[in-house]
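**Student:** Just the structure for this:
(2 chains)
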Amino acid sequence: GAGVSQSPSNKVTEKGKDVELRCDPISGHTALYWYRQSLGQGLEFLIYFQGNSAPDKSGLPSDRFSAERTGGSVSTLTIQRTQQEDSAVYLCASGTTGELFFGEGSRLTVL
Amino acid sequence: KNQVEQSPQSLIILEGKNCTLQCNYTVSPFSNLRWYKQDTGRGPVSLTIMTFSENTKSNGRYTATLDADTKQSSLHITASQLSDSASYICVVSARGNNRLAFGKGNQVVVIP
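**Tutor:** You can find the predicted model right below:
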């Protein structure tokens, strides 16, 4: 596709379950970011991938959060043993050296 | 303290009127500043991106200004339309740093 694609767009899960969120960046974009946006809050940095370099994981809030980027393209954000405070919109963005393009986000609701 | 502060937090304006949104930042050394528009339930969409040497940049009815000396930016919306109702997010990046500093956004509601 032409833009950043995220799936699922909505996910409702029970507390304690694991979830996987997927991001398909724009082809050729070397940079990929994951952000979390809670209601009424700004975007919170989670993790950054740049080419083949080691990812910047400094924004991950706990060891329950992890992310991978396979083959420099698709990325998966995994949240283990979800908690209610994990409920948020998870946004993925990709870019090169300047512009950053966002996906529509995955809305996660933990009951 | 957040490195990017936006004001006002929210405002309501009549359709056809103009409005100006403010962004103050402390990010240093400065690389660029971006304004994004985020419709409810959607991802942010870029409006403008400005580097140190640029003072103003327009995108249709949106005009952004940058004063790198005072570390301030503004986004002016001319002749507002109902479709301008959204959150406008100021994002600042530092040189040599992959991190982006996000403001919490200006929530704009345009009413007929």
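**Student:** Chain A contacts on chain B?
**Tutor:** With the criterion set to C-beta under 8 Å from any C-beta of the partner chain, chain B comes near chain A through B:2, B:4, B:32, B:34, B:36, B:41-46, B:49, B:89, B:91, B:98-100, B:102-105. Backbone N, C-alpha and C define where each C-beta goes, glycine included.
**Student:** which of those residues are buried?
**Tutor:** Neighbour counting with 16 or more other C-beta atoms under 10 Å in any protein chain shown marks B:4, B:32, B:34, B:36, B:43-44, B:46, B:49, B:89, B:91, B:99-100, B:102-105 as buried within these.
**Student:** Could you find the lowest-pLDDT member of these?
**Tutor:** Here the lowest pLDDT out of those sits on B:Arg99, with 77.
**Student:** dump the residue contacts of it.
**Tutor:** By C-beta atoms under 8 Å, 6 or more residues apart in numbering or on different chains, the contact list for B:Arg99 reads A:Phe45, A:Tyr48, A:Asp56, B:Ser93.
**Student:** again with A:Gly98
**Tutor:** B:Asn32, B:Ile49.
**Student:** Look up the residues forming beta bridges with A:Lys11.
**Tutor:** A:Lys11 forms beta bridges with A:Leu108, as assigned by DSSP bridges.
**Student:** tally of neighbours for it?
**Tutor:** 18 (other C-beta atoms under 10 Å in any protein chain shown).
**Student:** give me the element the closest residue to B:Leu75 other than its chain neighbours is part of.
**Tutor:** Ranked by C-beta to C-beta, 6 or more residues apart in numbering or on different chains and with sequence neighbours excluded, the top spatial neighbour of B:Leu75 is B:Leu21, at 4.5 Å. Using DSSP states H and E, the secondary-structure element containing B:Leu21 is strand B:19-25.
**Student:** buried ones in that strand?
**Tutor:** Within strand B:19-25, the residues scored as buried using 16+ other C-beta under 10 Å are B:Cys19, B:Leu21, B:Cys23, B:Asn24, B:Tyr25.
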